[in-house]
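Asks: let's see this in three dimensions:
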Amino acid sequence: MTKHRSRTDRKSTKIITMAHDILSHLEEEQGKIEWAQRADPISELVFTILSQHTSDANAERATIELTRGFPTWEDVALAEPSEVMSRIRTAGLAQQKTPRIQNSLMRIIELRGSLDLSFLKELPLQEAKSWLRNLPGVGPKTAGIVLSFSLGMPAMAVDTHIYRVCRRLGLIDEHLSVEQAHDFLESIVPQERVYQFHVAVISHGRKFCKALRPLCSQCTIRELCPSRRDLITTKQRH
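Replies: Purely as a prediction, here's the structure:
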């Protein structure tokens, strides 16, 4: 038992150190990453639901159309679904996203009396994540983005870019699901660095560590990547 625990501890220490080194290298390349609130929590929640299965650009266009059509988020919650749907078509899946948005907003009003999520900042992280995840259509990624980007809490939001990059780097293994990766990455990244890690890794994934054609020769952290040889070989075959 002691030997097994010792091996596990060494593995955990190695992964924690690697996560630190990766972030340090990425910040050298990208510059220092400072937290700044992107939007208020309700706006962030709506935007993140709109961004599900589409690009941020499409979600931004849908958010703009939504705010043009309705003065407040309370108005969105109480509007005819068809009116909301017509405003968010650019985000795709409007028939699915409309009830998610309206039901989430109505549920917040029922539970809190108003559309105010600032109280989450006063809760322990796990409790705040659980509260959000009990809203209709809110999963770990959406909850993580609201808590991190709007409230400055150390919640890790894992999207396809972060999951792909972290698997290639060996930070998470193939048996860990996307949902499990949220809590695991939170456990190996210092709380005060979670936001920076998210931003740095997602930027790296979009620019260099692409899904189909990763730019390994231009990657500044390729020496830290155990997958680089396989990725380069696969790219050469194609």
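Asks: any weak-confidence spans in this structure?
Replies: 1-11, 230-238 (pLDDT under 70).
Asks: nearest residue to the middle of it?
Replies: Nearest to the geometric centre of the chain sits residue 157, at 2.8 Å (Cα atoms, centre = their mean).
Asks: my guess is that one meets residue 138, correct?
Replies: No - taking contacts as Cβ atoms under 8 Å, residue 157 lies outside contact range of residue 138: 11.9 Å. Every residue, glycine included, has its C-beta placed from N, CA and C.
Asks: ok so, going back, against residue 16, how distant is the residue nearest to the centre of the chain?
Replies: Distance of residue 157 to residue 16, computed by Cβ to Cβ, to the nearest Å: 20 Å.
Asks: check residue 143 too.
Replies: 24 Å.
Asks: which one of those two has more residues nearby?
Replies: Neighbours per residue (other Cβ atoms under 10 Å) separate residue 143 from residue 16, with residue 143 holding more: 24 against 15.
Asks: for that one, give its distance to residue 131.
Replies: Counting by Cβ to Cβ - residue 143 and residue 131 are separated by 8 Å.
Asks: thought residue 69 was touching residue 83?
Replies: Yes - counting by Cβ under 8 Å, residue 69 does reach residue 83; the two are 7.0 Å apart.
Asks: let me see the domain layout of this structure.
Replies: Annotated domains of the chain cover 15-34+157-237, 41-150 [automatic domain parsing].
Asks: quick revisit: the residue nearest to the centre of the chain sits in which helix or strand?
Replies: Residue 157 belongs to no helix or strand when assigned by DSSP states H and E.
Asks: residue 23: what's it in contact with?
Replies: When contacts are counted by Cβ atoms under 8 Å, 6 or more residues apart in numbering, residue 23 touches 189, 193, 196, 197, 200, 201.
Asks: how about those in TSV, adding secondary structure?
Replies: Output for those, formatted as TSV (DSSP: H, G, I helix; E, B strand; the rest coil):
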residue	secondary structure
189	coil
193	helix
196	helix
197	helix
200	helix
201	helix
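Asks: ok, and the most crowded of the residues you listed?
Replies: Result: residue 201 is most packed of those (other Cβ under 10 Å), 28 neighbours.
Asks: thought that one was touching residue 162?
Replies: Yes - between residue 201 and residue 162 there is a contact under Cβ under 8 Å: 5.1 Å.
Asks: neighbours around residue 106, how many?
Replies: Count around residue 106 with other Cβ under 10 Å applied: 17.
Asks: could you find the closest non-adjacent residue to it?
Replies: Spatial nearest neighbour of residue 106, excluding adjacent residues (Cβ to Cβ, 6 or more residues apart in numbering): residue 77 at 5.2 Å.
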